[in-house]
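K.L.:
Sharing a sequence plus its predicted fold:
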Amino acid sequence: MPHSWSNYLSNCCDSDGDSRVGKYGCVPLLIAMLEGKSVEEKQAAAKALSTILVCSGNRRIYRKEQRGITSAVQLLDPTILNLDKKYPVSILMSLTHSKECRKQIVDSGGLVYLQKLVETEVDGAKKLHETISHGNLWGVFARR
C-alpha cells in the first residue's frame, strides 16, 4: 500500500519534535508553493505544511519566513474555489501559541476570512477564530 505525501512527511518528524524536513530547507519551498498559480499546487503545499508543522522545529522555521503567515491567510479567502480550507486553518492553528503570529494573522485579514469560514462550518475555523479573537479581547483591557 503506497504512502501519501502527508504520511511520508509526518514520518520525518523525530520523537523529540525535531524534523529532517525543516533541516533540509523544505519549509521555505512549501511556503513558496502556497503562492503558486494552480489550486492543486497550493493545496498540496498546504496539506504538507499542516502535517509537518506538528514538529516544533518546523514551526520555528515557518515563523521566520516573512511571507509564511500571509500566504496561509490568503488561502482562507472563500473566493478561492476547490481548495480545502481545513489545511490552511490547520497551519495557522499550529502557530497560535505565539502572540506575534496571532497578531500577524489578524493584521493579514485572517479574522474576516475566518468569520466567513465559521459560517460555512469549515473544520477548525471556529476554534481558530476564537483563539485569535480571545487574544484581541484581552488587549482591550488596561494592564496594571
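P.N.:
Arrived safely, thanks for sending.
K.L.:
which element is the spatially most central residue of the chain on?
P.N.:
To find the centre residue of the chain, average its C-alpha atoms and take the closest one (Cα atoms, centre = their mean): that gives Ile91, at 1.9 Å. Secondary structure assigned from DSSP states H and E places Ile91 in helix 86-94.
K.L.:
Which neighbouring elements make contact with that helix?
P.N.:
Using 3 or more Cβ pairs under 8 Å, 6 or more residues apart in numbering; DSSP states H and E as the contact criterion, the neighbours of helix 86-94 among helices and strands are helix 39-52, helix 68-74, helix 110-119, helix 125-140. The way it works is simple: take the backbone N, C-alpha and C, and place the C-beta from them, glycine included.
K.L.:
most tightly surrounded among these?
P.N.:
Per residue and on average, the most neighbours among these fall to helix 68-74, with a mean of 23 (mean count of other Cβ atoms under 10 Å).
K.L.:
That'll do, ta.
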